[in-house]
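**Q** From the sequence below, what's the structure:
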Amino acid sequence: MSMSYSIKNITLGEACEIRAGYAARTALTEDAEKGVPAIQLRDLHGEQVSLGVAGKYALDGKLDRYLVKPGDVLFRSRGENNTASIAIGNAGETAIALLPVMVIKPKDDDLLPEYIAWSINQYEAQRHLDLTARGTKLRMIPREALEALPLHIPNVAIQRMITELDALSAAETQLLHELADTKRKFTKFALLQQVRNAELHANEARHNDAQDSLKSTGKSQQTKP
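**A** All right, here's what the predicted structure looks like:
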């Protein structure tokens, strides 16, 4: 079976719907019972973000346009790290995206959200965002700059292959880090044991020397007239 390698070159704004997150008019108030689950910038870590980590807050107004579902792409529009994450969660689980988080949804089924996030996080795309960033103390990526981001879209099979290989590579890297950390801990433990053994041997040697000294003293006293 042959595989097509044709690529469609368009912008992110042409391929996806991009929405800014909900802008709270006042300071957020937590409400664990009646509040609405909301994803903040601080919740976005790594390439995935679980909707289950969303805290509940008292939000007013129409919230539908800010709704995040599993599979949506969340973009960090402020700060030094302007990368994207995939929202994950159980079926039917939702949350509201809060500014400066932006929500990216593909317009067609032939574009995988995982591929969108992967593309945004690549060096070429990050370079584009660096050149369009605004602000000095508080770096910000405007929506129009994100919409103008070039996107190279192969067919779905290639998109899936790329994202799966990338996920495997990330998993391998994580395992290697965990292995290195375990080896480091084992080495520290082994060295500590060596120090403890050396200290134990030194204490035993001192004890034996003391016993020998006492024996010698006792013998000398017995031989005195």
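**Q** I'd assumed Tyr22 was in contact with Met102.
**A** No: contact between Met102 and Tyr22 fails when scored by C-beta atoms under 8 Å: they sit 11.1 Å apart. Just so you know, the C-beta spots here come from the backbone N, C-alpha and C atoms, and that holds for glycine as well.
**Q** neighbour-wise, which of these two wins?
**A** Tyr22 (24 against 20; other C-beta atoms under 10 Å).
**Q** what sits against that one?
**A** 38, 59, 61, 63, 66, 96-99 (C-beta atoms under 8 Å, 6 or more residues apart in numbering).
**Q** ok now the longest helix seen in the chain, how far from the chain's centre?
**A** In the chain, taking DSSP state H as the definition, the longest helix is helix 156-222. Taking C-alpha atoms, centre = their mean, to the nearest Å, one finds the center of helix 156-222 at 30 Å from the center of the full chain.
**Q** Quick one: list the elements packing against it.
**A** Secondary-structure packing of helix 156-222 (3 or more C-beta pairs under 8 Å, 6 or more residues apart in numbering; DSSP states H and E): helix 113-120.
**Q** can you give me the offset of the following helix or strand past the helix it packs on from its chain's centre?
**A** Following helix 113-120 in sequence order, the next helix or strand is helix 123-132 (DSSP states H and E). When distances are taken as C-alpha atoms, centre = their mean, helix 123-132 is centred 20 Å away from the chain's centroid.
**Q** contacts for the helix or strand following helix 123-132?
**A** Once the chain leaves helix 123-132, the next helix or strand it forms, by DSSP H and E, is helix 143-147. With contacts defined as C-beta under 8 Å, 6+ apart, helix 143-147 is touched by 11-13, 18, 20, 75, 77, 102, 128-129, 132-133.
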